[in-house]
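> Predicted structure and sequence below. I'll ask about it afterward.
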Amino acid sequence: MSVLLIPIAPLGRTKTRLRGCFSNEQLKELTIAMFKDLSSKLLNVNCFKEKIVYCNDNLILQLAEDYGLIGIKEELTQPRKSFDDVIKDLNTIAIKRFNAEQTIFTFLDIILISAKNLNEINSLVKENQLIVCPAINSAGVSILGRNPPDVVSTRFSDPEIPSLVALINHAKEKGIEKIAIYDSFRSGFDIDIKQDLVLAYEYLKIFNLTDTLTFHFLKNNLKLTLKKINANNNREFSFALKEED
């Protein structure tokens with residue numbers, strides 16, 4: 001069976017690209033909100049052999065236990081490991097300690113993902129060697145599934161090529177033929193930069209996810225909204241102060 005893997009950065013390092021929008025304490029609060037929302041969704045997902053959270057932070061590990069997830073403490077090193085090495089370490093744990101036949105990586109900030117998406121992804125990984133969900137706002141990877149778990153290495157830390165392109169190119173070079181692209185807006189939208197925060201607030205309303213902790217955090221703390229610079233262009237925005245709902 002497959003194992004779901006969720007790597008999470010320590011709370012003191014979380015979402016550093018958003019420090020211009022929120023204080024460090026607010027970023028911790030946002031991370032906890034996203035984690036609780038994801039954990040709540042996973043209560044309704046029963047297709048995985050195990051669901052593993054990998055983090056150095058004791059608070060996250062305790063919350064994982066509270067939600068019935070397996071928490072494994074990441075050992076931090078100096079210098080810091082690359083993200084590819086973190087992924088490799090967790091993947092190896094899944095293989096050696098939990099006898100994973102397939103692994104699926106998801107990430108904390110994919111806030112629109114549903115239980116239905118996770119079940120569909122699990123079904124696809126059983127029929128393919130590699131399954132990838134492209135990130136909506138970049139040439140990145142939002143979901144990664146591998147069958148077997150070590151069929152191909154990841155390329156998140158490639159210094160020159162975006163991770164999605166680098167991974168697909170590498171897989172093809174290795175002769176991987178069964179590659180599935182999971183085409184999903186909800187599974188591909190992540191929060192990485194300031195513009196994503198504003199879009200996240202609006203998308204959570206559109207998808208009727210206003211009962212989530214992430215939505216309430218953004219409603220209470222996000223002071224920005226997007227304004228079109230050009231009436232005929234939906235790609236260029238400026239930021240304005242958000243009016244009260």
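Received it, and whenever you're ready, just let me know what you need. Residues are numbered from 1 along each chain as shown.
> check which helix or strand covers the residue most central in space within the chain.
Centroid check for the chain by CA atoms, centre = their mean gives residue 107 as the closest residue, at 2.1 Å. Assessed by DSSP states H and E, residue 107 sits outside every helix and strand.
> Scan this structure for its longest helix.
Scanning the chain for the helix with the most residues, using DSSP state H, yields helix 24-42.
> which helices and strands sit right next to that one?
helix 58-66, helix 115-127, helix 213-221 (3 or more CB pairs under 8 Å, 6 or more residues apart in numbering; DSSP states H and E). Where you see a C-beta, it was placed from the backbone N, CA and C, and this is true even at glycine.
> what is the orientation angle of the longest one with helix 24-42?
Spelled out, that is helix 115-127. Angle of helix 115-127 versus helix 24-42, following axes from the mean of the first three to the mean of the last three CA atoms, to 10 degrees, is 70 degrees.
> Repeat that for the first one.
Put simply, helix 58-66 runs at 20 degrees to helix 24-42, going by the same axes, to 10 degrees.
> what's the helix or strand just after helix 58-66 in contact with?
Next in sequence after helix 58-66, counting helices and strands by DSSP H and E, comes strand 70-73. With contacts defined as CB atoms under 8 Å, 6 or more residues apart in numbering, strand 70-73 is touched by 50-56, 58, 60-62, 64-65, 90, 93.
> What strands flank strand 70-73, and is each parallel or antiparallel?
Sheet pairing of strand 70-73 (DSSP bridges) gives strand 50-55 (parallel).
> hmm, back to that, can you redo the helices and strands packed on helix 24-42 as a markdown table with mean neighbour count and distance to residue 155?
Compiled in a markdown table, the helices and strands packed on helix 24-42 are given as follows (neighbours: other CB atoms under 10 Å; distance: least, CB to CB, whole Å):
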| stretch | mean neighbour count | distance to residue 155 |
| --- | --- | --- |
| helix 58-66 | 16 | 26 |
| helix 115-127 | 18 | 18 |
| helix 213-221 | 17 | 28 |
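> Contacts only, for the residue nearest to the centre of the chain.
Residue 107 neighbours (CB under 8 Å, 6+ apart): 6-7, 142, 190.
> What of residue 120?
182, 184.
> can you check residue 87 too?
By CB under 8 Å, 6+ apart, the neighbours of residue 87 are 7, 105, 154, 156.
> tell me which element it falls in.
Residue 87 belongs to helix 83-98, assigned by DSSP H and E.
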